[in-house]
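J.: Build me a model from this:
(4 chains)
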2 protein chains.
Amino acid sequence: MITASALQAGTKQRILDTAEHLFACEGYRGTSLRAITGKAGVNLAAVNYHFGSKRALLEEVIKRRMGPLNQVRRKRLEEIRARSLTEGKRPDIRAVLTAFIEPTILFRESERGAGDFITFIGRSFADPDDTVRTVFHRVINPMVQLLFRTVSEALPNQPKDIIFWRLHFTIGALFHTMHIYGAMKPAFMSMTTYIDARSLVNLIIPYVTAGMKA
Amino acid sequence: MITASALQAGTKQRILDTAEHLFACEGYRGTSLRAITGKAGVNLAAVNYHFGSKRALLEEVIKRRMGPLNQVRRKRLEEIRARSLTEGKRPDIRAVLTAFIEPTILFRESERGAGDFITFIGRSFADPDDTVRTVFHRVINPMVQLLFRTVSEALPNQPKDIIFWRLHFTIGALFHTMHIYGAMKPAFMSMTTYIDARSLVNLIIPYVTAGMKA
DNA sequence: GTCTATACGATGATAGAC
DNA sequence: GTCTATCATCGTATAGAC
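T.: Numbers count the residues shown, from 1 in each chain, chains lettered A, B, ... in the order given. You can find the predicted model right below:
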């Protein structure tokens, strides 16, 4: 039935949107199913009916946005690798880092509600809750592996473990930026330094590029 | 009385040590007072008696280590500023960053249990729980302000908001490093790249120095 | 002053009856 | 799909033993 199906889709999506927002504001552990369903205007049991558990809801919240985002980043990285192969020269490290970072930061403006997601993701890497880290790692891991491989091709003379750590410095800088850029309480410093996403990309790319080559 | 006082110190310290460990493993929100007191072998009510609340316990856990650590970092930064003033030339950016980062990473080996603390702190900046971020910010803020001021003196030609963001990239790299360096589950990547603290300092300093100057 | 035993009120996720 | 019951666990408060 059209009506039933539409209503069901509406309920699922309302739950996903509300959960995403609350996860970003209060964290996974700090968000109760009562808070989600209450704010979404659906029944408490709807989460277990549609998703099975709170953990499964978390997975859906992450995958819904991360799927498309990863697709873009993967495409850009693969393009660089393909071009590098046909042209017979190694990839440019700045281009590689841009292929990963630019879509990530600009993603905030791509869809409605994506800002909450970026904030949440910026915290997920170091989330104290094991569930969050596990689910997040499973989704991000193939992406990071590809990034590592491509960076290694761009810097063939650098030992792998040095690349490993420098890449972690880069990821740390990026995720911290994602977190504070979208943080609800932005000013831990007294000054408020607003910046648009495009300028932020133009700031972070030279920083991490210089670091990776240091 | 000596006996009573010694016993009291024992209980308080056992609570602090256990809380520190569990906060690092399970997070603030994920650690119940029952878990802490149970593992410490003290009564449940002991936390409220000695500290007043779970939040106050968190404050003590943070301040106990952060006090000495901040003292070292402050001393080294102030020395650089003083020398810069007497010698009439601006501070070296690499020296400034080293003064802040080196004590932080080496702190792990300075005292027993400090490793748990470093792991916990590495997560605190982006902790989903507002209580953790608030308490942590209050303790770290003066330190970051001093760092910002000293970096600004080292790079007088750079606009303040550029320094602001680059410093955040640096802090992000450092905290992410602290977090994964001491993480209980280190391998989100398949390879395990062990490194000693000294070598880690020698890796991150050139990275962030290059980034700040980019 | 310290520490213990126990109780309270609130809130958590989930499952089964409808 | 919804409503309600269930049962575990939370932080905190308090009364009394040492």
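
J.: middle-most residue in chain A, spatially?
T.: Residue closest to the mean C-alpha point of chain A, counted by CA atoms, centre = their mean, is A:Ile121 at 4.6 Å.

J.: Quick one: residues contacting that residue.
T.: A:62, A:66, A:136, A:175, A:178 (CB atoms under 8 Å, 6 or more residues apart in numbering or on different chains). Using the backbone N, CA and C atoms, a C-beta is placed for each residue, glycine as well.

J.: again, only this time at 7 Å
T.: Taking CB atoms under 7 Å, 6 or more residues apart in numbering or on different chains, we find A:Ile121 in contact with A:Met178.

J.: Okay, now the unreliable bits of chain A?
T.: Within chain A, the set of residues satisfying pLDDT under 70 comprises A:1-9, A:183-192.

J.: can you point me to the longest helix in it?
T.: Ranked by residue count, the top helix of chain A under DSSP state H comes out as helix A:54-87.

J.: which parts of chain A sit against chain B?
T.: A:26-30, A:122-123, A:126-129, A:137, A:141, A:144, A:161-162, A:164-166, A:168-169, A:171-173, A:175-177, A:179-180, A:188, A:193, A:203-204, A:206-208, A:210-211, A:214 (CB under 7 Å from any CB of the partner chain).

J.: Next step: the residues you listed restricted to helices.
T.: Short answer: the residues of chain A next to chain B in helices (DSSP H) are A:26, A:122-123, A:137, A:141, A:144, A:161-162, A:164-166, A:168-169, A:171-173, A:175-177, A:179-180, A:203-204, A:206-208, A:210-211.

J.: Phi, psi for the residue of chain A found nearest DNA strand C please.
T.: Of the residues in chain A, the one nearest DNA strand C is A:Ser32, at a distance of 2.8 Å by CB to the nearest atom of the strand. When quoted as degrees, to the nearest 10, the phi and psi of A:Ser32 stand at phi -90, psi 160.

J.: dump the residue contacts of A:Ala197.
T.: Here A:Ala197 is in contact with A:105-106, A:108-109 (CB under 7 Å, 6+ apart).

J.: From those residues, which land in helices?
T.: Among the contacts of A:Ala197, the ones falling in helices (DSSP H) are A:105-106.

J.: quick one: which of the contacts of A:Ala197 is nearest B:Gly38?
T.: B:Gly38 has its nearest neighbour among the contacts of A:Ala197 in A:Arg108, at 43.1 Å by CB to CB.

J.: The closest one against A:Ile118, yeah?
T.: Yes. Using CB atoms under 7 Å, A:Arg108 is in contact with A:Ile118, at 4.9 Å.

J.: So what's the residue count around A:Ser199?
T.: The local packing count at A:Ser199 equals 12, with neighbours defined by other CB atoms under 10 Å in any protein chain shown.

J.: now it: how far from B:Ile171?
T.: Look at A:Ser199 and B:Ile171: by CB to CB, to the nearest Å, they are 19 Å apart.

J.: Pull the distance from stretch A:52-71 to the chain's centre.
T.: Here the centre of stretch A:52-71 is set off from its chain's centre by 11 Å, with CA atoms, centre = their mean, to the nearest Å.

J.: which parts of that stretch are buried?
T.: Buried residues in stretch A:52-71, counted by 16 or more other CB atoms under 10 Å in any protein chain shown: A:54, A:57-62, A:65-66, A:69-70.

J.: a markdown table for those residues, including distance to DNA strand D?
T.: As requested, those are exported to a markdown table (distance: CB to the nearest atom of the strand, whole Å):
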| residue | distance to DNA strand D |
| --- | --- |
| A:Lys54 | 14 |
| A:Leu57 | 14 |
| A:Leu58 | 19 |
| A:Glu59 | 19 |
| A:Glu60 | 15 |
| A:Val61 | 19 |
| A:Ile62 | 23 |
| A:Arg65 | 23 |
| A:Met66 | 25 |
| A:Leu69 | 28 |
| A:Asn70 | 29 |
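
J.: near DNA strand C, which of those show up?
T.: Among the buried residues of stretch A:52-71, the ones lying near DNA strand C by CB under 7 Å from any atom of the strand are A:Lys54.

J.: I'd like the buried residues of stretch A:52-71 written out as CSV, with distance to B:Arg149 added.
T.: Written out in CSV, the entries for the buried residues of stretch A:52-71 read as follows (distance: CB to CB, whole Å):
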residue, distance to B:Arg149
A:Lys54, 45
A:Leu57, 45
A:Leu58, 41
A:Glu59, 44
A:Glu60, 45
A:Val61, 40
A:Ile62, 39
A:Arg65, 38
A:Met66, 39
A:Leu69, 37
A:Asn70, 40
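
J.: Please look at A:Thr209 and A:Arg94 and confirm they touch.
T.: Yes. Shown here, A:Thr209 and A:Arg94 form a contact pair, counting by CB under 7 Å, at 4.5 Å.

J.: So what touches stretch A:82-102?
T.: A:73, A:76-77, A:80-81, A:147, A:150-151, A:153-156, A:170, A:174, A:201, A:204-205, A:208-209, A:212-213.

J.: Kindly supply the ChimeraX command isolating those of those residues that are buried.
T.: A single ChimeraX command suffices to select whichever of the contacts of stretch A:82-102 are buried according to 16+ other CB under 10 Å:
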select /A:73,76,77,80,81,147,150,151,153,154,155,170,174,201,204,205,208,209,212,213
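
J.: Would you tell me what helix or strand A:Val151 is located in?
T.: Using DSSP states H and E, A:Val151 maps to helix A:130-154.

J.: chain center to that helix: distance?
T.: For helix A:130-154, the gap between its own C-alpha mean and the chain's C-alpha mean amounts to 11 Å (CA atoms, centre = their mean).
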